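A.B. asks: Curious how this folds, go ahead:
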Amino acid sequence: MRWMFADKGTAAFFAMLATPLIVLISIVHFAYTDQRRARIAAAEQRAEDLRCLAENIYYEARGEPLLGQYAVAEVTLNRVASSDFPDTICEVVHDSRWDRLHRRLTAHFSWTRLAVKHDAPKGPAWEQAMVVAVAVYDRTHKPIVPSALFYHTSGVHPYWAESKRVVAKIGNHIFYR
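C.D. replies: Numbering: from 1, shown residues only. Coordinates of the predicted model:
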């Protein structure tokens, strides 16, 4: 009971002084933690996006001229920006749809529909695909096919090509909007 009547001025003063400091430290800690988590999540998303984009470049256009590789990457990102396609790069790359004409599920990018397990990309072609992917992802190059959403190799004639407008022919690919 004695403590109730004892002088608490000094203890109360230090408690009042410490409380805002503890609150401030807590706010800074939680803000830093949230920002750090957001930066980590953004870095992980970027890495996944770049991997999917580079794989698409590698498997679709590694034997094509450099401009053709850029164009394939641009089509992929153009699709991400379009409301007619999925919202992420990996979803666009691995997107498949029902083909009414052939009555089967088809992939937009041929390499993703093959049942064959692909070897991990490697070598100079993979390094080049990564360089192209970073440049297109970061928008540090001048667009070659800014409005193109479709392409195919010149050796095939898909039924949908007649309804599209050709915007470029690069290497063995024809690009359409």
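A.B. asks: And the pLDDT at the residue most central in space within the chain?
C.D. replies: Closest to where the C-alpha atoms of the chain average out (CA atoms, centre = their mean) is D49, at 2.8 Å. Model confidence at D49, given as pLDDT, is 97.
A.B. asks: Checking it next. Helix, strand or coil?
C.D. replies: Following DSSP: H, G, I helix; E, B strand; the rest coil, D49 is assigned to helix.
A.B. asks: Hmm, R97 is touching F109, no?
C.D. replies: No: R97 lies out of contact with F109 (CB atoms under 8 Å); the separation is 11.9 Å. C-betas here are computed from N, CA, C, even on glycine.
A.B. asks: Which of the two has more residues huddled nearby?
C.D. replies: More crowded of R97 and F109, by other CB atoms under 10 Å: F109, with 19 against 10.
A.B. asks: Low-confidence ranges, this protein, go.
C.D. replies: Scanning the chain for pLDDT under 70 picks out 1-9, 11-12, 15, 29, 31, 114-117.
A.B. asks: Going along the chain, name the helices of it.
C.D. replies: 2-5, 9-61, 66-81, 89-93, 110-113, 123-137 (DSSP state H).
A.B. asks: G155: which of those helices is closest?
C.D. replies: Smallest distance to G155 across those (CB to CB): 11.8 Å, for helix 110-113.
A.B. asks: residues contacting A161?
C.D. replies: F150, H152, I174, Y176 (CB atoms under 8 Å, 6 or more residues apart in numbering).
A.B. asks: mind listing what the nearest residue in space to the residue nearest to the centre of the chain that is not next to it in sequence touches?
C.D. replies: Closest residue to D49 apart from its sequence neighbours, by CB to CB, 6 or more residues apart in numbering: I89 at 4.4 Å. Applying CB under 8 Å, 6+ apart to I89 gives the contacts E48, D49, C52, L53, T76, L77, V80.
A.B. asks: Kindly provide the distance from the second one to A168.
C.D. replies: Shown here: D49 relative to A168, a distance of 24 Å by CB to CB, to the nearest Å.
A.B. asks: How about F30?
C.D. replies: In this view, F30 and A168 are 50 Å apart by CB to CB.
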